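Asker: Attaching a predicted model along with its sequence, questions to come.
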Amino acid sequence: MPPPEARIDTLVDLFRRTVSAEKANLLNYKRAGAWHAVSARELDQKTRATAMGLYALGVRAGDRVALLAENSPEWTIADLGTLNCGAADVPIYATQSPRQVAYILDDAGVEVIFVSTREQYQRVREALDAALRLRSIILFEPFETDDRRVMSFDQLLERGRAADADEPNLYATLRASVASDSLATLIYTSGTTGEPKGVMLTHGNIVSNVLASAGILPFDSESVVLSSLPLSHIFERSGFYLYLYGHATIFYAESIDLVGQNMREVRPHFLTSVPRLFEKIHDRAMERAESNGRVQGAIARWAVEVAKDWAEVASRHGKVGLWLNLKRTLAVKLVFARWRASMGGRIRFFVSGGAPLSADLARIFYGAGLPILQGYGLTESSPVISANTPAENRLGSVGRPLEGVSVRIAEDGEVLCSGPNIMRGYYNRPAETAAALQRDGDGRTWLHTGDIGHLDADGFLFITDRKKDLLKTSGGKYIAPQPIENAIRQSRFVNQVVVIGDGRKFPAALIVPNMDALASYAALKGIAYTSPKELLEEARIVDLIDRQVAKYTAELSQYEKIKAVTLLGRELTVENGELTPTLKVRRRIVVEKYKDLIDRMYAAKESVVSR
């Protein structure tokens with residue numbers, strides 16, 4: 001473990017601590033089928049060259065530098081180089097639509113951007129061309145282009161080394177100018193209007209969260225971790241800083257689809273992810289058992305029930321009876337030992353965030369000897385507000401608030417949060433900032449999270465609902481439903497539409513068709529039917545609506561696209577409680593009313609996908 005610093009106020013301080021002790025395999029990545037290592041010394045040298053290269057390009061304190069790339073050492077070096085230069089970075093999801101990329105670049109006033117590959121550059125070329133303030137594009141993967149703004153990452157490093165040789169004291173000066181209240185990053189999150197909002201997080205915001213998290217999660221120089229979520233997500237990024245702080249050995253997963261394979265290769269002790277990954281692990285394990293015959297399937301189902309029963313008692317430090325302990329021991333031997341082996345065999349715990357974790361799934365993994373520590377937070381809180389710990393893991397809760405973070409419940413049940421982790425505000429959005437950050441009579445500023453919850457007698461926080469209208473998939477993606485609904489309603493065949501998907505694997509839609517338009521279409525195509533119900537079940541009508549949805553949502557990012565549609569045979573009305581008096585959809589009421597129909601829709605779609 002490197003010697004601790006007297007004080008860590010900024011991410012620059014945290015980075016300095018990381019590279020103060022040599023480590024040959026600090027960062028590890030896989031290319032061309034083999035794993036390669038980046039040492040602490042190499043990370044230090046390339047971060048310095050990046051910072052100086054950015055300065056040579058004219059980047060100054062407070063300027064915004066964007067990152068549009070998949071996870072890689074280059075992503076981390078670009079991030080740290082930007083921070084050590086005194087600038088703020090603007091991470092952009094590698095899957096975001098060109099329209100959203102263009103909006104973010106314009107709104108943030110980005111002048112320099114890092115882009116990963118030729119494919120990524122070509123995908124967003126129009127957005128880059130439309131960004132008026134953008135003057136430099138740095139490519140991790142060099143290739144020939146007629147764009148004069150483009151240079152390779154190696155060229156940036158060369159420029160940085162030359163600038164460093166000319167002014168060897170400048171790097172120290174740039175780093176010294178970074179303060180706790182300096183802007184570190186501008187992270188764009190989806191708003192209810194559809195246009196993302198830039199969350200301003202300072203160095204002090206993020207560092208306070210990392211240090212508080214380090215107090216409850218035991219990462220150290222012997223720890224091996226696998227980084228699997230996009231670093232553009234504050235959840236993974238703050239976790240990555242935590243790994244650096246602990247001087248852990250960090251492996252970048254090749255992709256979310258290869259996490260299982262990578263886990264078997266690197267045998268991590270820890271993994272941070274979203275509930276969707278744990279759902280996949282469970283589903284695949286059960287599918288494998290069922291495919292091995294009826295007996296193996298029955299044993300797996302029995303083991304899962306035993307795990308849930310055992311976890312319910314053991315997680316609350318209750319006395320587990322001898323018979324239940326014996327059954328659990330047998331379940332581990334027959335079933336869960338294979339689960340652990342498939343994940344490398346060394347997992348101590350998982351950390352889950354970004355979306356609600358199913359209580360049943362938490363019990364299964366806990367009983368299997370693979371505990372999942374669920375936490376809670378928002379981008380606006382840097383991000384962690386509360387978290388369970390290895391010693392205190394109350395299943396179903398999101399844990400206790402971190403040290404230094406205060407949580408209270410408003411009269412309407414909304415979760416409010418105050419502490420050093422709370423954002424500075426939304427960039428260029430004073431009205432939204434004022435609504436989200438409110439100073440109370442105690443003189444403290446409280447973040448209104450938009451979530452409904454309660455604290456139990458022991459201080460554990462439980463999230464029960466969402467005050468906001470945003471949907472959040474089980475993969476942790478926020479989706480603003482209203483813009484999608486407005487787009488789909490452009491079709492002449494659509495009367496009403498309700499986008500759903502909160503806590504689900506993907507978004508779907510309930511659609512009330514325009515029956516007159518469908519009748520005309522049926523007559524044109526020679527489709528015979530005897531009732532409206534029969535018409536809505538006709539395969540050619542279902543295909544028509546699917547094509548209409550795809551047409552009017554073509555510009556959405558992949559995670560926002562509708563993956564399943566169900567047609568409703570009657571209109572949503574105020575009288576039935578499905579619409580407000582101003583004709584806004586009461587989404588929660590609709591979801592409750594059509595729960596069985598929705599469950600069948602998702603089950604059918606997931607069955608098709610799984611095959």
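Answerer: Structure received. No experiment lies behind these values; they were computed from the predicted model shown.
Asker: all strands for the stretch 451-600 of the chain, in order.
Answerer: Along the stretch 451-600 of the chain, counting by DSSP state E, counting those that start in this stretch, strands occupy 461-466, 471-472, 478-479, 494-500, 508-513, 564-567.
Asker: Compute the inter-axis angle for the fifth one and strand 494-500.
Answerer: If you take axes from the mean of the first three to the mean of the last three C-alpha atoms, to 10 degrees, strand 508-513 sits at 160 degrees to strand 494-500.
Asker: so what's Glu403 up against?
Answerer: By C-beta atoms under 8 Å, 6 or more residues apart in numbering, the residues touching Glu403 are 212, 215. Where you see a C-beta, it was placed from the backbone N, CA and C, and this is true even at glycine.
Asker: hmm, I was thinking of Gly367
Answerer: Counting by C-beta under 8 Å, 6+ apart, Gly367 touches 306-311, 314, 328, 331, 336.
Asker: 6 Å instead, please
Answerer: Gly367 sits next to 307, 310-311 when contact means C-beta atoms under 6 Å, 6 or more residues apart in numbering.
Asker: Please apply the same query to Ser406.
Answerer: Here Ser406 is in contact with 418-419 (C-beta under 6 Å, 6+ apart).
Asker: which stretches of this structure have low pLDDT?
Answerer: The chain contains residues with pLDDT under 70 at 1-6, 190-194, 468, 574, 580-584, 606-611.
Asker: Which ones among the contacts of Gly367 lie within helices?
Answerer: Counting by DSSP state H, the contacts of Gly367 place 307, 310-311 in helices.
Asker: Leu68: neighbouring residues, count only.
Answerer: 28 (other C-beta atoms under 10 Å).
Asker: What of Gly109?
Answerer: Gly109 has 16 neighbours, counted by other C-beta under 10 Å.
Asker: ok, and the closest non-adjacent residue to it?
Answerer: Arg133 (5.3 Å; C-beta to C-beta, 6 or more residues apart in numbering).
Asker: Could you double-check that the one you found lies in contact with Glu111?
Answerer: Yes - Arg133 is within contact range of Glu111, at 5.4 Å (criterion: C-beta atoms under 6 Å).
Asker: Who has more neighbours out of the two?
Answerer: Using other C-beta under 10 Å as the criterion, Arg133 and Glu111 rank with Glu111 on top: 21 against 13.
Asker: so that one sits right up against Leu132, yeah?
Answerer: No - checked against C-beta under 6 Å, the pair Glu111 and Leu132 is beyond contact range at 10.2 Å.
Asker: follow-up on the earlier one: want to try TSV for the strands of the stretch 451-600 of the chain, with distance to Arg600 and mean neighbour count as columns?
Answerer: Below are the strands of the stretch 451-600 of the chain laid out as TSV (distance: least, C-beta to C-beta, whole Å; neighbours: other C-beta atoms under 10 Å):
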stretch	distance to Arg600	mean neighbour count
strand 461-466	24	17
strand 471-472	19	21
strand 478-479	22	21
strand 494-500	13	22
strand 508-513	11	22
strand 564-567	8	20
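Asker: could you dump those to a markdown table with distance to Phe240?
Answerer: Shown next, in a markdown table, are these (distance: least, C-beta to C-beta, whole Å):
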| stretch | distance to Phe240 |
| --- | --- |
| strand 461-466 | 24 |
| strand 471-472 | 22 |
| strand 478-479 | 21 |
| strand 494-500 | 32 |
| strand 508-513 | 32 |
| strand 564-567 | 34 |
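Asker: of all those, which lies closest to Glu236?
Answerer: Glu236 sits nearest to strand 478-479 of all the strands of the stretch 451-600 of the chain, at 15.0 Å, using C-beta to C-beta.
Asker: Give me the helices and strands touching the closest one, please.
Answerer: Judged by 3 or more C-beta pairs under 6 Å, 6 or more residues apart in numbering; DSSP states H and E, strand 478-479 is in contact with no other helix or strand.
Asker: Try it again at 8 Å.
Answerer: Secondary-structure packing of strand 478-479 (3 or more C-beta pairs under 8 Å, 6 or more residues apart in numbering; DSSP states H and E): strand 471-472.
Asker: ends of stretch 550-564, how far apart?
Answerer: This stretch, stretch 550-564, spans 11 Å end to end (C-alpha to C-alpha, to the nearest Å).
Asker: Same question for stretch 100-115.
Answerer: 15 Å.
Asker: wait, Ala37 sits on Ala24?
Answerer: Yes - with contact defined as C-beta atoms under 8 Å, Ala37 and Ala24 form a contacting pair (6.3 Å).
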